[in-house]
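Colleague: just a sequence and a predicted model for now, questions to come.
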Amino acid sequence: MALNQDKLHESLGKAIVDFGAAFNAALIRIGDKLGFYKALSSGGPQTPAELAKRTGTAERYVREWLSAQTAGGYVTYDSSNGKFHLGEEQAFAMADENSPVFLPGAFQCVLAAVKAEEKLTERFKTGEGMGWHEHHHELFVGTERFFRPG
Amino acid sequence: MGSGLGASAHVRSTLKKDGTWMIVEPFAGDKLEDNLNPIGRAFNNASTLLCTPASLSREVGLALVAQGGEKRLREVATAGGFSQFRRATRTPLNLIFEARP
């Protein structure tokens, strides 16, 4: 069997994006819960230590989170001064609860789906349903926040 | 939420004669090949894990799913007693329909 190297690399490239994106649901929820996006939005460019202090969190974790978010395009980094900030569009989507494209709620739904995976695998075999009420409460809050702006 | 037809009939029963039912649904075409794109993927994923199991947990179990498309939604509205149905507008993520008695 002769593999087409270009097609293989294309598939791997997609999978790498998905791999990072799947973890990002948890990272977005963490930033949403701990107020990282809002603090970045209101505080302007800041170092990991400054963001950690502003949000009452541990600097080492915050630094790692900022690196991950920057690589994903959710946060902007200025290598000349080592500071992170949100561009206007990033803030509009991640920090403004009233924005029509406020996104963090959508990722709460993703987390709820991941939490339900073991139950859902069984439902695939039996054909039974899984009621809305059987899900983690993250789903209800996430759906409300996701659909609120329209 | 598990029964689109039940919801449709219920809304119809509570609506005034000149009332309007606005329906916000995930953006979807009528056929699978119309939905093989990033938005279709996102909603199909959510539908497989959330919407379809929720519908199947109910007595009706129609499983119209999140990627229902305009054709099936029109059928649901019509079956619920609405005589007029049209796509009112759209956003990047959602289709907004208008149903009248």
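Modeller: Noted; the coordinates are in hand.
Colleague: what's residue 47 sitting at in phi/psi?
Modeller: Picking chain A for this. phi -80, psi 170 (degrees, to the nearest 10).
Colleague: try again with chain B
Modeller: Backbone torsions of B:Ser47, given as degrees, to the nearest 10, read phi -60, psi -40.
Colleague: which stretches of chain A have low pLDDT?
Modeller: A:149-150 (pLDDT under 70).
Colleague: which positions in it make contact with chain B?
Modeller: Proximity of chain A to chain B (Cβ under 8 Å from any Cβ of the partner chain) is limited to residues A:100, A:109, A:112-113, A:116-117, A:120, A:123, A:127-132, A:134-135, A:139, A:147, A:150. (C-beta placed from N, C-alpha, C; glycine too.)
Colleague: PyMOL command for the buried members of those residues?
Modeller: Buried subset of the residues of chain A next to chain B, written as a PyMOL selection, criterion 16 or more other Cβ atoms under 10 Å in any protein chain shown:
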select buried, chain A and resi 109+112+113+116+120+123+129+130+132+135+139
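Colleague: Three-state assignment for B:Pro92, please.
Modeller: coil (DSSP: H, G, I helix; E, B strand; the rest coil).
Colleague: ok, now how distant is the residue nearest the centre of chain B from chain A?
Modeller: The residue lying closest to the centre of chain B (Cα atoms, centre = their mean) is B:Leu73, at 4.5 Å. Counting by Cβ to the nearest Cβ, to the nearest Å, the gap from B:Leu73 to chain A is 17 Å.
Colleague: show me what contacts that residue?
Modeller: Residues near B:Leu73 by Cβ atoms under 8 Å, 6 or more residues apart in numbering or on different chains: B:4, B:23, B:25, B:64, B:85, B:97.
Colleague: which of the residues of chain A next to chain B fall in helices?
Modeller: Judged by DSSP state H, the residues of chain A next to chain B include A:109, A:112-113, A:117, A:120, A:123, A:139, A:147 as members of helices.
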